[in-house]
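1. Kindly return the folded structure for what I paste below:
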Amino acid sequence: MNFKNYVSLIKSNKFFRNFWIGQFISYFGDMFYDITVTWVVYTNTGSAVQSSLVLIVSFLPETLLAPFVGSVVDAYDRRRIMIFADLFRGSIVAGLLRVC
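-> Predicted coordinates:
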């Protein structure tokens, strides 16, 4: 599939276009978050090593778990997995709010 086919798919398919735009915005939000956290660690510690460790720790779970999680998602209902993941993420955020 070449570039023209992708552009025509984005133009013609409303659902794919909305999905693509949402993923695009989410990706840039994640990148800004990673840059901001790394910058905060560097300005507070002055250590490039600790800043790089923050980036490594943030990308390590995704890198290590992606092959296994892909097979789990294919085997079970995606809707239930999304609900469980959002509830799990919400409980982590609620726990962090309680600590602060």
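
2. contacts, neighbours, all on C-alpha from now
-> Noted.

3. give the contact list for Ala75.
-> Under the criterion of C-alpha atoms under 8 Å, 6 or more residues apart in numbering, Ala75 has no contact partners.

4. Find the helix or strand that the spatially most central residue of the chain is a member of.
-> Closest to where the C-alpha atoms of the chain average out (C-alpha atoms, centre = their mean) is Asp30, at 6.1 Å. Assigned by DSSP states H and E, Asp30 belongs to helix 14-45.

5. What residues of that helix count as buried?
-> Under the neighbour-count criterion of 16 or more other C-alpha atoms under 10 Å, helix 14-45 has 38, 41-42 buried.

6. Provide a list of residues in contact with the residue nearest to the centre of the chain.
-> Taking C-alpha under 8 Å, 6+ apart as the definition, Asp30 has no contacts.

7. Also Leu55?
-> 34, 38.

8. And the helix or strand hosting it, what's buried?
-> In this assignment (DSSP H and E), Leu55 forms part of helix 48-75. Judged by neighbour count (16+ other C-alpha under 10 Å), helix 48-75 contains these buried residues: 51, 54.

9. angle of that helix against helix 14-45?
-> Per axes from the mean of the first three to the mean of the last three C-alpha atoms, to 10 degrees, the angle that helix 48-75 makes with helix 14-45 is 150 degrees.

10. What mean pLDDT does helix 48-75 get?
-> Here helix 48-75 scores 88 as its mean pLDDT.

11. What lies in contact with the helix or strand just after that helix?
-> Counting by DSSP H and E, the next helix or strand C-terminal to helix 48-75 is helix 78-99. The contact list for helix 78-99 (C-alpha under 8 Å, 6+ apart) reads Val73.

12. Enumerate the positions of helix 78-99 that are buried.
-> Result for helix 78-99 [16+ other C-alpha under 10 Å]: no buried residues.

13. Please renumber the chain so that the first residue is 54 from this point on.
-> Okay, using 54 as the starting number, the last item reads as helix 131-152.

14. And the residue nearest to the centre of the chain, how far from Thr89?
-> Counting by C-alpha to C-alpha, to the nearest Å, the gap from Asp83 to Thr89 is 10 Å.
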